[in-house]
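J.: Curious how this folds, go ahead:
(chains A and B)
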Amino acid sequence: MDETKFVKEIASKEEAFSQWYIDVVKKADLADYTPVKGCMVIKPYGYALWENMQQCLDRRIKATGHKNAYFPLFIPESLLKKEAEHVEGFAPEVAWVTHGGNQKLEERLAVRPTSEAIIGSLYSKWIRSWRDLPVLINQWANIVRWEKVTRPFLRTTEFLWQEGHTAHKNQEEAEEETLKILTVYKDYIEQDLAIPVIIGRKSNNEKFAGAMHTYTLEALMGDGKILQAGTSHNLGQNFAKAFDIRFLDENQQEQFAWTTSWGTSTRLVGGIIMVHGDERGLKLPPKVASVQMVIVPIFFDTSKQEVMEKAREYKSLLEKKFKVELDDRDSYTPGWKFNEWEMKGVPVRLEIGPRDLAQNQVVAVRRDKGNKVIISEKEVESTLEKWMADIQNNLFLQARSRLEENIRFTDNYESFKEIMEEKRGFIKAFWCGNEKCEDQIKKDSKATIRCIPLEEHKEKGKCIFCGEESSSLVYFGRAY
RNA sequence: CGGGGCGUAGCGCAGCUUGGUUAGCGCGCUUGGUUCGGGACCAAGAGGUCGGAGGUUCAAAUCCUCUCGCCCCGACCA
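T.: Next up, the predicted model:
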């Protein structure tokens, strides 16, 4: 079947990826623009997706011993300024509250761009003894960063995220936490969102403002650009020193705590769109789809009543196990509905018409395959159960082979630039560790070091830019 | 924040160069009817003072100034 034949409303993914992305966001009813620049409204269909994503991740965060809390939106200027690198990193994008009603505030309040400062100041109050540690807290919150260029989900002025903030009694424990979260994120993003990621460490240039070091998960998008899917920071004692988080250890020695922070955001909704979406629109992994299957009844004058009855029967049977929607709207033809639900990315469609009634069957179509399959009534439940798992898996495998095909090694700078220009994706190349090389590579090709693999590479090679010998084989890419 | 493009009905657009009837078209929407297995058809309707403010003019969607927003390309960032 011609992929484009069914799509009237969205731009071509191949020819105009950016426009395609915006079209899918709007036409699949995920989000809309608002009167406030850079701020989108997440519409019910998009928000339901986010809620499912939240649940998947929240479960994992809690399973690893963390508890949720909620900290204030406003951060006093003096607090934000305590960690020098931190404030410098975020200063250009902080929104400030200067007035309460008509009255000018004594001290400006920052609308949180992230919560290390406010949480750090409270941890300093709460932590006295090594017995108080570790503190393992997560919060689901909104964040404001005054971005110059915005795009729905990928970069908005206000966005939703979760941010974990933990404090530990020593460096090893903090490092263990930072890496543990990296694994939690990897499982969530790969298993629930079906997005394969490459994990590693950020270079100094790219790490979080104020962190000792930053771990990251990087995902390949449909246009060859790279999306940072999540980060986990080992803050060392930087923030503990800035916010005075101290405790007495087992040996009655006063120590600064070791803290971490980590986050993932609504940006991942954008990731789902750009990894799985196709010419026909969205394609949702069953685990996070708010509608896992839609039933489209096929009406004819004479049989409408019976068909509707049967459709309702299927709905009540299936909704015990799945998230089911019955599209009984009278004003649209089946074909129209097929297209709409495909655009909205629903994993499975069931068609029920008089023919199916007569033969005790349904017609079923997978969003990831597209062909019609006849399933006998007896086997509907068990088949769909298999399908859900299979679709989830298939989306991941497809994305993974795309990822694998788009990781290229090169030791030639000319071909490096050529690949970045034409194919993009990830390039594996040796890097000497010098920031000057990193900067020049960025100027030449717009590529940045997405991550440095966790396991040290055995063989040595020559830095892609300066040619100096190095054992650091890193991933480059053009980032979102 | 620099360069470019665009704002006219819910969506997509025409009209603007060269100011001048009541601002058009397609889709969508409403009502009624016929339909319904891959974006149905017929008929009758509703809906806009042209992003906003100011200016020029007898007269502005059209010309000028400012401003806001969106998109693309850079710089910056999750």
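J.: make it CA atoms for all contacts and neighbour counts henceforth
T.: Fine.
J.: what's the neighbour count on the closest residue to RNA strand B within the stretch 51-200 of chain A?
T.: Evaluated by Cα to the nearest atom of the strand, the stretch 51-200 of chain A has A:R155 as its residue closest to RNA strand B, separated by 3.9 Å. When neighbours are counted by other Cα atoms under 10 Å, A:R155 registers 20.
J.: Next: A:I391.
T.: A:I391, neighbours per other Cα under 10 Å, totals 22.
J.: swap in A:S471?
T.: The burial metric for A:S471, expressed as a neighbour count using other Cα under 10 Å, is 17.
J.: how close does the closest residue in space to it that isn't next to it in sequence get to A:K428?
T.: Closest residue to A:S471 in three dimensions, ignoring its sequence neighbours and counting by Cα to Cα, 6 or more residues apart in numbering: A:K460, at 4.4 Å. Using Cα to Cα, to the nearest Å, one gets 13 Å for the distance from A:K460 to A:K428.
J.: So for the two, which sits in the more crowded spot?
T.: A direct count of neighbours by other Cα under 10 Å for A:K460 and A:K428 places A:K428 higher, at 21 against 12.
J.: Helix, strand, or coil at that one?
T.: When classified by DSSP: H, G, I helix; E, B strand; the rest coil, A:K428 comes out as strand.
J.: Likewise for A:G263?
T.: Using three-state DSSP, the structure places A:G263 in strand.
J.: wait, doesn't it sit right on A:T231?
T.: Yes - contact between A:G263 and A:T231 holds when scored by Cα atoms under 8 Å: they sit 5.7 Å apart.
J.: Please say which of those two ends up with more neighbours.
T.: Per other Cα under 10 Å, whichever of A:G263 and A:T231 has more neighbours is A:T231, with 25 against 21.
J.: ok but the more buried one is inside a helix, no?
T.: No - with three-state DSSP as the criterion, A:T231 is located in strand rather than a helix.
J.: I'd assumed A:N234 was in a strand, is it?
T.: Yes - residue assignment for A:N234, taken from three-state DSSP, places it within a strand.
J.: bridging residues for it?
T.: For A:N234, the beta-bridge partners under DSSP bridges are A:H213, A:T260.
J.: can you pull the contacts of the residue of the stretch 51-200 of chain A closest to RNA strand B?
T.: Contact partners of A:R155, counting by Cα atoms under 8 Å, 6 or more residues apart in numbering, are A:E147, A:V149, A:R267.
J.: One more: A:R400?
T.: The neighbourhood of A:R400, defined by Cα under 8 Å, 6+ apart, consists of A:I195, A:P196.
J.: near RNA strand B at all, the helix or strand containing it?
T.: Secondary structure from DSSP states H and E places A:R400 in helix A:380-405. No - for a cut-off given as Cα under 7 Å from any atom of the strand, helix A:380-405 has no contacts with RNA strand B; the smallest distance is 13.7 Å.
J.: Kindly report the same for stretch A:72-85.
T.: No - Stretch A:72-85 does not reach RNA strand B (Cα under 7 Å from any atom of the strand); its nearest approach is 11.3 Å.
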